[in-house]
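K.L.:
predicted model and sequence below, questions to follow.
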Amino acid sequence: MPPTRTHLGALRRPPRILVYLAAAVIIAVFPFVAPNAFFVHVGQTFAFTAVAVIGLNILLGLSGQMSLGHGGFYAVGAYVSAILATTYGWPLALAMPTALVASFLVGLLVGAVALRTRGLYLAMATLAFGFIAEIVAQRWVSVTGGTMGLMGVPQLDFGDFRRGPTYYFWFAAGILLLAQMASDYVFASAVGRRLNAVKESESFARTVGLDVSVWRIGVFAASAMLAGATGVLFAHQTGFVSSDAFNIHLTISLLIATVIGGLGRSKGPLLGTAILIAIGEAVATIHDYGAMLYGGILLLVLLIFPEGAIGLFARLVPKRPATEATAAPAVFDPRLAARNARGGRLEVDAVTKSYAGVVALRNVTLTVEPGTIHALIGPNGAGKSTFINVVAGLYAPTAGRIRIDGADVTGLAADRRAHLGLVRTFQNLQLIQSVSVLENVMLGMRRRRSLPLDVFDFLTGHRHEARERAEAGSILAFLGIAHLADLMPKSLSYGHRKLVELARAIAQKPAILLLDEPVAGVNPQEAREVARIVTVLRDAGITVLLVEHNMEFVMGISDHVTVLDFGSTIAGGTPAEVQRDPHVIRAYLGTEETAA
Amino acid sequence: MSLVNVFQLLVSGIAMGAIYTLTAKGLFITHLATHRLNFGQGDFLMVGAFASIGLLVAGVPAPLAALGVLVLMGVLGFLLERLAIRPLDRLGDRAGAYSWVLTTAGVALVLQNVIELVWGKSTQYAPPLFSATRDNVIVLFGVGIFIEEAAIILTAFLVVGAFYWFLFASRWGKAIYAVAFNPEAAALFGIDVRGVVTLVFILASLLAGISGVLVGPLVSVHPHMGLVFTIKALAVAAAGGFSNPLGILVGGLAFGVAEAFSNYWDSAFGDLYPLLFVMILLAFRPSGLFGERHADVR
């Protein structure tokens, strides 16, 4: 029975649902306490602008993708909804959702460029997209009205012209509240952690079973849809849509709101949008210096205080001590770590891998029997790391097959193999620097509860992800590093970071565990500890394939050893057999002739 | 469409293409050495064009005016690196991964505003550089082509040639490649890495400035023209492959020619088709026509 955890910090903080209810009350009374109609109008603009900024903040801050074309998605939302409602007479209840779908689809298309390319190309493609959207809006006068604008777009007033602005405010602010709740959830949950992982290390993300392409394009399209929502609301606020509204400065001002509020912080967009609107009002009086002001703000914020206004605020307020981690971790049962009691069977059949003529692996065949520790050794350059990468699915073999429990996985991507229980660690460590040690371990876990239940936990308070945290804590305790749970990976020693990787791998519940040099650079005492842990894992039913140079470690724990040299298998057998093998001795020590 | 038309469109296309190539080279060289580039490259071109107009209208002879623009652009490139690029390195982890996109765009906004304050928002026309009027024509093989265009093409190719010599044959070019390959190792070999970074940004700015001087007589010049050139130069650099300097030459010329023809066929949206084509190309061939793909594997 795991001991009950104390949640001092969580108890002090009211459940989020209360905060959101309070926000809803403020939204409800705002139109009545606002001094005049102008304030309500500003409140409307704030509400719908912040929705787009929230999307940009998730895109830039969490997933690390740059967009210089959000003004384009804004335009798509505004025009689709306005044209459907005006020219085609669709009811708003139909036109508005259709426009959202349209901006999502356009987001998917533009995001397709992001699928296989890195940030620069995405920045470029989005810049071009925003430009194209603006030009089309400007020149396709018969449809968009061009710069003269589309007039008589229905306003969203729910049939009551006099009270329309109030209803509109409620509607826009309600959407903002929902978007903010979604954003808070993303930042506080596995979704945000995974976006961080996708941002920082593609290899890591694939290893924990994330389809990087889907995540990237998904977050891009979702962010495009939020910008589209803003456009839709904009179109039906005043009932006038002109192409002048959608130039590059629109995108730039959304970006300014994002960075000035605090990039990558969930509350940043609210503050940033408020500051943006305040600046906008100020610029109206000194219009000739507007661009300079915006440019200057970008430079100032990014170079002087990149954490943004929220960051400055946080610096003034002392940080709440971290209480989220497990105070007293549950006892870890290694048997829980295994996917099944038996362990997976890994067959590598005649695998060859060559790079532009250089053969790194030649016709390598080996079978790792379930529930055994199988070591792959060989001199430097023998092809061991290539082998691990081919098995894990990060490299495609030139020839040969790879099977897990008899099923051919040669054509499966790394993330699909991870789902089958093929789990690895990296020789040069892959940890996500922007989340804590505990969360790095949690990244290895699959979702336990359904999304609605997780959202419910998130809203109602302190039990959110409690089980995951407890389990991750117990794994860390099992490895003897529970005290490091709240630290950031950067502040850890090399040996400890290796253990965190191992903990993450254990959290994935492996059937087959690939360890790439688990004790390289680790002190002898830690190496013995790792040996003990690996043995325990094997006994719990996990198949282990490891690559390692430390012979004491390899010979001490392995059931079977395969020796690679220059990409080919030169020996295999029990540790004792391999140690006596003349080929192995020659590969490691050289022959009499070459030594002489 | 007559053969004469085809030839004239070809020449106009090559002239614009050569300018796109020059502008894109600036993006290429900074991206090569630092993996960053100036998202206001087109605005730097715009500044070059305005500075050139200012000097020419004041009666400065064209070669001197060009020299003056180069000095100004060199200083601007230096300031850009000092203001918008170097401080990000000092921030380290605190700076977001693509902060340089926004800081360089911020500098571009400031430049736009400055030019607007000096010259106003209206469109300007540059005096011709090489002949008495903008419309002087020479007849080649029975086809009349503008002297300006022909001279611009010639000049642009001379600059491109000089660029290749600099990149492939000079010591500095080797230093740039060394820094591109591995900054730490380059530093150990005694290469002044900071100096190289400054140099590439100055070079990029010079290339934008030369483009600005050359483009003046071809198009109308206004403070917001920069964005289009930034986008097209980026498209050319991406289509040619950011890692392939020869690909950019081919990509730039092809882009200019394609644009000339698509503008001829569809005067309303013709300038968008080459851009759309590049975007679609990138979705299928992310590293451009000539670039190699590098897998991200550790």
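P.N.:
In hand now; what should we look at? Numbers count the residues shown, from 1 in each chain, chains lettered A, B, ... in the order given.

K.L.:
for chain A, see how far away residue B:45 is.
P.N.:
Distance of residue B:45 to chain A, given as Cβ to the nearest Cβ, to the nearest Å: 16 Å. Quick note: C-beta positions are derived from backbone N, CA and C, even for glycine.

K.L.:
contacting residues around stretch A:123-134?
P.N.:
A:66-72, A:75-76, A:110, A:113-114, A:243, A:246-248, A:251, B:39, B:98, B:101, B:227-228, B:230-231, B:234-235, B:238, B:272, B:275-276, B:278-279, B:282 (Cβ atoms under 8 Å, 6 or more residues apart in numbering or on different chains).

K.L.:
what does the stretch 101-250 of chain B have sitting close to chain A?
P.N.:
B:101-103, B:105-110, B:112-114, B:116-117, B:227-228, B:230-231, B:234-235, B:238, B:242 (Cβ under 8 Å from any Cβ of the partner chain).

K.L.:
what's the helix or strand for the residue nearest to the spatial centre of chain A?
P.N.:
Centroid check for chain A by Cα atoms, centre = their mean gives residue A:195 as the closest residue, at 1.0 Å. Following DSSP states H and E, one finds residue A:195 within helix A:190-200.

K.L.:
shouldn't residue A:366 be within a strand?
P.N.:
Yes. Assessed by DSSP: H, G, I helix; E, B strand; the rest coil, residue A:366 belongs to a strand.

K.L.:
show the subsequent helix or strand relative to the helix holding residue A:195.
P.N.:
Proceeding N to C from helix A:190-200, the next assigned helix or strand is helix A:202-207, under DSSP H and E.

K.L.:
state the mean pLDDT of that next one.
P.N.:
The average pLDDT for helix A:202-207 rounds to 86.

K.L.:
kindly report the same for stretch A:550-562.
P.N.:
pLDDT averaged over stretch A:550-562 gives 87.

K.L.:
show me what counts as buried in that stretch.
P.N.:
A:550, A:553, A:554, A:555, A:556, A:557, A:558, A:560, A:561, A:562 (16 or more other Cβ atoms under 10 Å in any protein chain shown).

K.L.:
so who does the closest residue in space to the residue nearest to the centre of chain A that isn't next to it in sequence touch?
P.N.:
Residue nearest to residue A:195 in three dimensions, not counting chain neighbours: residue A:62, with 4.2 Å by Cβ to Cβ, 6 or more residues apart in numbering or on different chains. Residue A:62 makes contacts with A:186, A:187, A:192, A:195, A:196, A:199, A:219, A:264, as judged by Cβ under 8 Å, 6+ apart.

K.L.:
helices or strands next to the lengthiest helix in chain A in the packing?
P.N.:
Counting residues, the longest helix in chain A under DSSP state H turns out to be helix A:212-238. Counting contacts by 3 or more Cβ pairs under 8 Å, 6 or more residues apart in numbering or on different chains; DSSP states H and E, helix A:212-238 is packed against helix A:37-57, helix A:70-86, helix A:92-116, helix A:164-188, helix A:190-200, helix A:202-207.

K.L.:
tell me what the helix or strand following that helix is packed against?
P.N.:
Next helix or strand after helix A:212-238 toward the C-terminus (DSSP H and E): helix A:248-262. Applying 3+ Cβ pairs under 8 Å, 6+ apart, one finds that helix A:248-262 contacts helix A:37-57, helix A:70-86, helix A:119-139, helix A:268-285, helix A:290-304, helix A:308-316, helix B:99-119.

K.L.:
recalculate using a threshold of 7 Å.
P.N.:
helix A:37-57, helix A:70-86, helix A:268-285, helix A:290-304, helix A:308-316, helix B:99-119 (3 or more Cβ pairs under 7 Å, 6 or more residues apart in numbering or on different chains; DSSP states H and E).

K.L.:
in the stretch 351-500 of chain A, which residue sits closest to chain B?
P.N.:
The stretch 351-500 of chain A approaches chain B most closely through residue A:394 (5.1 Å), counting by Cβ to the nearest Cβ.

K.L.:
pretty sure residue A:207 is touching residue A:416, no?
P.N.:
No. Between residue A:207 and residue A:416 there is no contact under Cβ atoms under 7 Å: 11.8 Å.

K.L.:
okay, these two: which has more neighbours?
P.N.:
residue A:207 (30 against 15; other Cβ atoms under 10 Å in any protein chain shown).

K.L.:
least confident pick among the contacts of residue A:62?
P.N.:
For these, the pLDDT minimum is residue A:264, 83.

K.L.:
host element of it?
P.N.:
Per DSSP H and E, residue A:264 falls between elements, in no helix or strand.

K.L.:
phi, psi of it?
P.N.:
phi 80, psi 20 (degrees, to the nearest 10).

K.L.:
quick check: closest non-adjacent residue to it.
P.N.:
Ranked by Cβ to Cβ, 6+ apart and with sequence neighbours excluded, the top spatial neighbour of residue A:264 is residue A:61, at 2.9 Å.

K.L.:
residues near the one you found, how many?
P.N.:
The local packing of residue A:61 (other Cβ under 10 Å) involves 25 other residues.

K.L.:
in contact with the residue nearest to residue B:144 when sequence neighbours are not counted, which residues?
P.N.:
Spatially, and ignoring its direct neighbours in sequence, residue B:144 is nearest to residue B:137 (4.3 Å; Cβ to Cβ, 6+ apart). With contacts defined as Cβ atoms under 7 Å, 6 or more residues apart in numbering or on different chains, residue B:137 is in contact with B:144, B:145, B:146, B:147.

K.L.:
wasn't the first one part of a helix?
P.N.:
No. The assignment for residue B:144 (three-state DSSP) gives strand, which keeps it out of a helix.

K.L.:
that one: neighbour count?
P.N.:
If we define neighbours as other Cβ under 10 Å, then residue B:144 has 13 of them.

K.L.:
and what of residue A:286?
P.N.:
So residue A:286, with other Cβ under 10 Å, has 10 neighbours.

K.L.:
for it, phi and psi?
P.N.:
The phi/psi pair for residue A:286 (degrees, to the nearest 10) is phi -120, psi 60.

K.L.:
mind pulling the model confidence for it?
P.N.:
Per the predicted model, pLDDT is 77 at residue A:286.

K.L.:
rewinding a little: mind putting the buried residues of stretch A:550-562 in JSON lines, secondary structure and distance to chain B included?
P.N.:
Output for those, formatted as JSON lines (DSSP: H, G, I helix; E, B strand; the rest coil; distance: Cβ to the nearest Cβ, whole Å):
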{"residue": "A:550", "secondary structure": "coil", "distance to chain B": "21"}
{"residue": "A:553", "secondary structure": "helix", "distance to chain B": "23"}
{"residue": "A:554", "secondary structure": "helix", "distance to chain B": "23"}
{"residue": "A:555", "secondary structure": "helix", "distance to chain B": "28"}
{"residue": "A:556", "secondary structure": "helix", "distance to chain B": "28"}
{"residue": "A:557", "secondary structure": "helix", "distance to chain B": "26"}
{"residue": "A:558", "secondary structure": "coil", "distance to chain B": "26"}
{"residue": "A:560", "secondary structure": "strand", "distance to chain B": "27"}
{"residue": "A:561", "secondary structure": "strand", "distance to chain B": "26"}
{"residue": "A:562", "secondary structure": "strand", "distance to chain B": "23"}
